[in-house]
Structures are given as structure tokens and as C-alpha cells.
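# Just the structure for this:
(one chain, ligands or ions: 1)
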Amino acid sequence: MKALIIYFTSLGRTKKTAEAIGSQLSNYEVDYFPFILTGTFGMKVSIQTQHNKGDFSTIAKELSDLEKIDQNHDLVILGMPTYGDYPPSAFYEIVKRLDIKGKNVIIFGTCSITGTKTMEIMKKTVEEAGGIIVEQARFKGFFKPKLKKAAQFGRMINDSSR
Ligand SMILES: Cc1cc2nc3c(=O)[nH]c(=O)nc-3n(C[C@H](O)[C@H](O)[C@H](O)COP(=O)(O)O)c2cc1C
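From the prediction side, this is the model:
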């Protein structure tokens, strides 16, 4: 079986969380498709501001590559952080490039305190694109990402594939 883990990260926490989940998926061949913002904090904020205005030129290559890859996976796992109570604007662009109609999708979110709204938006957007949400998790860590919980979530996903 094949799993595709797609995530967006600015500060690196969602990356670590995605990798903790993926590390437990021994029943799957795992492909990662990251959207990673680089540069100084100010540069990252400025990129997100651009995205919020509908300009995704900074991640145009990644979006185009995502559309082109073979998406013949049995499971798609989507991970997003919460910024200002919402997923990053790039999330909607990512979902537009996914072939998830009728496919099993797992969503996870990372946040400090809230993040519930992000999960609701992710669920609604994925379902509108025809994906079937089979599991979801929100990893709330104020100081550090919740990697043990993420690994536990990964094991649960792996075990339920048997
Ligand atoms: C600009 C900004 C806004 C944030 N807004 C929220 C928020 O509204 N609610 C929340 O719980 N956490 C918020 N956070 C914390 C992030 O959701 C959390 O640190 C997340 O894991 C970051 O993911 P990343 O490291 O993959 O970018 C915010 C962080 C940043 C940098």
C-alpha cells in the first residue's frame, strides 16, 4: 500500500509531526510532499501575506509538481498548521491539485492553543473535493510539537490498515 503525506510548514513543527506519523507507517510505502517556507521570520510572514492576497508564485513550482506526480496512493495524509485560527491560504491551492475523489484522506493540524477551526475547514474542503476523511488529529503543543502523540497516531493508522 502507498501513502502520500503532504504538509505545509513555516516553523518546522508540522514537518516534524508529519515525519513522526510517517515513521510508523510500516505497512505503507510513504511518499512525502512538503511545502516548506524558508528564510527569515519576516520573509515567511511576507510570503504568507502574498498567499493571503491570492499570489502563490512563491510556491508555484511545488503546486505544479504536485499536480504532476503520480497520485495513485491508497491513503492521503494532509497536515497543516494554524495561523491566526485558520490553515495557511496555500491549503486550498494544495487541495485543488489533489486527486482525492473517493479516496481515504487523513487530516492533521498543529497549533499552540486553538486549531479547531482549522480542522473544521480542512474537513469541509477535503470533503467538497470528494475525499473521504477516515481519521483526523489535532496536535496542540505550545512549546514543542507533540511528536510522541503523532507517532501514536501513526501507529494507529498503520494498525488499522491490516
Ligand atoms: C503567525 C502565527 C500565527 C499563529 N496563530 C495561531 C493560532 O491562531 N492558534 C494556535 O493555536 N496557534 C497559532 N500559532 C502557532 C502554530 O499553529 C504552531 O506553532 C504550529 O505548529 C506551527 O506550525 P509550523 O511550525 O509547521 O509552521 C501561530 C503561529 C504563528 C507563527
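# can you tell me which residues contact the residue nearest to the spatial centre of the chain?
Centroid-nearest residue in the chain: Gly79, 2.0 Å away (criterion: C-alpha atoms, centre = their mean). Applying C-beta atoms under 8 Å, 6 or more residues apart in numbering to Gly79 gives the contacts 5-8, 14, 17-18, 21, 107-110. Glycine gets a C-beta too; all of them are placed from N, C-alpha and C.
# same thing but 6 Å
For Gly79, the contacting residues are 7, 14, 18, 108, by C-beta atoms under 6 Å, 6 or more residues apart in numbering.
# got it, and Asp99?
Residues in contact with Asp99 (C-beta under 6 Å, 6+ apart) are Gln71.
# and it, which of the three is it?
coil (DSSP: H, G, I helix; E, B strand; the rest coil).
# can you check Val126 too?
Quick answer, by three-state DSSP: Val126 is helix.
# Wasn't Phe33 part of a strand?
Yes: the assignment for Phe33 by three-state DSSP puts it in a strand.
# Does it touch Ile6 like I think?
Yes: between Phe33 and Ile6 there is a contact under C-beta atoms under 6 Å: 4.5 Å.
# Please say which of those two ends up with more neighbours.
Ile6 (23 against 19; other C-beta atoms under 10 Å).
# gap between that one and Lys140?
Counting by C-beta to C-beta, to the nearest Å, the gap from Ile6 to Lys140 is 21 Å.
# shaky segments in this protein?
Scanning the chain for pLDDT under 70 picks out 162.
# where along it do the strands fall?
Using DSSP state E, the strands found in the chain span residues 2-9, 29-36, 75-81, 104-111, 132-140.
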